[in-house]
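**Student:** next come a sequence and a model predicted from it.
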Amino acid sequence: MRRRLWTYLLFSIFLGSALSCWAQQNVTTLGIQLKPMIPSKYFGTGTENAEMEDLKVNFQPNPGVNFGMVVRKGISRNWSIESGICMVQRNFTLHYTHPLLLQEKQLRFRYIGYEIPIQAMVFVKLTDKIFMNASGGVSLDLYPSNVESSAFEYRDTLRFDFYQKTYKNGWIQPALLANYGFEWRTPSSGYFYIGASYHRPFQHIGTTRVEFKVDDDPTTVFVLLGGNYLTADFRYFFHEKPEKRKGKKSDV
């Protein structure tokens, strides 16, 4: 199914090149974007399970958010280039199950990263103001630090400790991007955009060490942290006029 997604993206790009397109040539504009992240097992962003002895851990991704700014440069009638910088907050819940626990224990944590995307985008004109687009490119994903969290509880004379530490797999990592959406361009109030994106790192972005301790007796499991995510995209680009080309000075 992932192969079908990339085939569909490439087909959309080539189709857009062949049809009547308009990509605001010589316009450079700044935009803001909000991209809620949607967990999906279908796209490889679902729940992971790990088990060691009597300990069972359910590693559940929760909805997160991608927020930041985008700069778009129209380079021809058909194509634009986009870049920018975004903050990405991934949210997770660890579900602990053990025979000594009366009920399942949950430990929540978040993992913060930053992205610098570079994408090529092609537009297909549907009406005078509505455009369909498809884009693809790469992202440089930045992870500034490891993250850890813990909790504990008592039952009679027993103490239960719950702990996780997520180790980044590298300070900077590349990822693939694919995007598809629709845009409404107003004459003087900017562009309004809605679409969807898929983000797929080339490798796991980190490793989570999960520990459960009964008094001083620990049990530890490790879970590879995938960075895939699917988003619903909402963008707004400020209105800008086309840049004037500088003509050559004539010799007198």
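**Tutor:** That came through, no problem. What you are looking at is a predicted structure, and each value in this text was computed from that prediction instead of being measured.
**Student:** any idea which helix or strand carries Leu107?
**Tutor:** strand 105-125 (DSSP states H and E).
**Student:** direction included, what does that strand pair against?
**Tutor:** strand 79-97 (antiparallel), strand 130-142 (antiparallel) (DSSP bridges).
**Student:** quick one: mean pLDDT for the last one?
**Tutor:** Model confidence over strand 130-142 averages 94 on the pLDDT scale.
**Student:** need the helices for the protein, in chain order.
**Tutor:** 2-18 (DSSP state H).
**Student:** residue ranges with poor pLDDT in it?
**Tutor:** 1-25, 43-47, 243-252 (pLDDT under 70).
**Student:** which parts of it are strands?
**Tutor:** Counting by DSSP state E, the chain has strands at residues 28-38, 48-52, 55-74, 79-97, 105-125, 130-142, 147-155, 158-168, 172-185, 191-201, 206-214, 217-225, 229-237.
**Student:** report the contact partners of Gln89.
**Tutor:** Gly64, Val65, Asn66, Arg110, Tyr111, Ile112 (C-beta atoms under 8 Å, 6 or more residues apart in numbering). (Glycine included, C-beta is placed from N, CA and C.)
**Student:** ok, 10 Å please
**Tutor:** Neighbouring residues of Gln89 by C-beta atoms under 10 Å, 6 or more residues apart in numbering: Met37, Pro63, Gly64, Val65, Asn66, Phe67, Arg110, Tyr111, Ile112, Gly113.
**Student:** hey, what's it bridged with?
**Tutor:** Val65, Ile112.
**Student:** quick one: it from Val57, how far?
**Tutor:** 22 Å (C-beta to C-beta, to the nearest Å).
**Student:** ok, Val138 next?
**Tutor:** Taking C-beta to C-beta, one finds Val138 at 33 Å from Val57.
**Student:** so between the two, which is more surrounded?
**Tutor:** Val57 (25 against 14; other C-beta atoms under 10 Å).
**Student:** separation between that one and Gln106?
**Tutor:** Counting by C-beta to C-beta, the gap from Val57 to Gln106 is 11 Å.
**Student:** what residues are shared contacts of these two?
**Tutor:** Leu94, His95, Tyr96.
**Student:** separation between the last one and Asn179?
**Tutor:** This means Tyr96. 37 Å.
**Student:** out of the strands paired with strand 105-125, which is closest to Leu230?
**Tutor:** Proximity to Leu230 (C-beta to C-beta) singles out strand 79-97 among those, at 12.5 Å.
**Student:** any buried residues in the closest one, and which?
**Tutor:** For strand 79-97, burial by neighbour count (16 or more other C-beta atoms under 10 Å) applies to Trp79, Ser80, Ile81, Glu82, Gly84, Cys86, Val88, Arg90, Asn91, Phe92, Leu94, Tyr96.
**Student:** thought the second one was touching Gly137?
**Tutor:** Translated: Ser80. No: the criterion here is C-beta atoms under 10 Å, and Ser80 misses it with Gly137 at 11.5 Å.
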